[in-house]
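Peer 1: sequence and predicted structure are below.
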Amino acid sequence: ETGVTQTPRHLVMGMTNKKSLKCEQHLGHNAMYWYKQSAKKPLELMFVYSLEERVENNSVPSRFSPECPNSSHLFLHLHTLQPEDSALYLCASSQDIAEPHGNEQFFGPGTRLTVL
Amino acid sequence: SQKIEQNSEALNIQEGKTATLTCNYTNYSPAYLQWYRQDPGRGPVFLLLIRENEKEKRKERLKVTFDTTLKQSLFHITASQPADSATYLCALEGDTGRRALTFGSGTRLQVQP
């Protein structure tokens, strides 16, 4: 176990549904991330939160809406998704974004999302 | 923008041999580079971090080199075992600052018994 949990592990939803992915870290970290991993493509950074403030948004469509109520929890709210949004969604956390730690990230197991 | 390339999509080797994976990058000079292991259906797991002023770093059977002139990192697994079979990802700090990592697409290593 990495200290980062994600629920649900699997999710099937229709294009008109609204669902949320949840991530929780038990490591006392200050930064949390959402990544998307599609088949045969590199991990794509979606959102970065540092101390509960969004610091980076990689031009993600508005049908994905993140929420970080505190430094231990991160949500990804989903609505009106498209079939091409089907992927493994990974949450990660890190101590902080400054040196000397570098930016070693601890990943959760991911949520396998299928959009029908 | 920065680009990361890992030498091959898949690498097959015999148990006991040394596996060597390559990570090349362009259009950036990162202060550090990281390697992760990912098993199917799981999240990546951190293995090693090497800084720009370090030429080599070792951890048990793992060795990483970092050549900032060539813009290349090599990842070696010595005395490989079937349990080493996984996808290995290299990552470096994003070019928007030290706020996130940019990952390569990974190399899938298969160690044959």
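Peer 2: Looks like it came in fine.

Peer 1: and the end-to-end length of stretch B:102-113?
Peer 2: For stretch B:102-113, the first-to-last residue distance is 33 Å (Cα to Cα, to the nearest Å).

Peer 1: what does the average pLDDT come to for it?
Peer 2: Per-residue pLDDT over stretch B:102-113 has a mean of 93.

Peer 1: quick one: buried residues of that stretch?
Peer 2: Neighbour-count burial for stretch B:102-113, with 16 or more other Cβ atoms under 10 Å in any protein chain shown as criterion, is recorded at B:102-104, B:106-109, B:111. Where you see a C-beta, it was placed from the backbone N, CA and C, and this is true even at glycine.

Peer 1: I'd say B:Gln14 and B:Gln112 touch.
Peer 2: Yes: at 5.4 Å, B:Gln14 counts as touching B:Gln112 under the criterion of Cβ atoms under 8 Å.

Peer 1: and residue 7, what pLDDT?
Peer 2: Just so you know, I chose chain A. 97.

Peer 1: my question was about chain B
Peer 2: We have a pLDDT of 76 for B:Asn7.

Peer 1: how about it, phi and psi?
Peer 2: phi -50, psi -40 (degrees, to the nearest 10).

Peer 1: okay, and the beta partners of the nearest residue to it once chain neighbours are set aside?
Peer 2: Distances taken as Cβ to Cβ, 6 or more residues apart in numbering or on different chains place B:Thr22 nearest to B:Asn7, at 3.7 Å, with adjacent residues excluded. The bridge-partner assignment for B:Thr22, based on DSSP bridges, gives B:Leu74.
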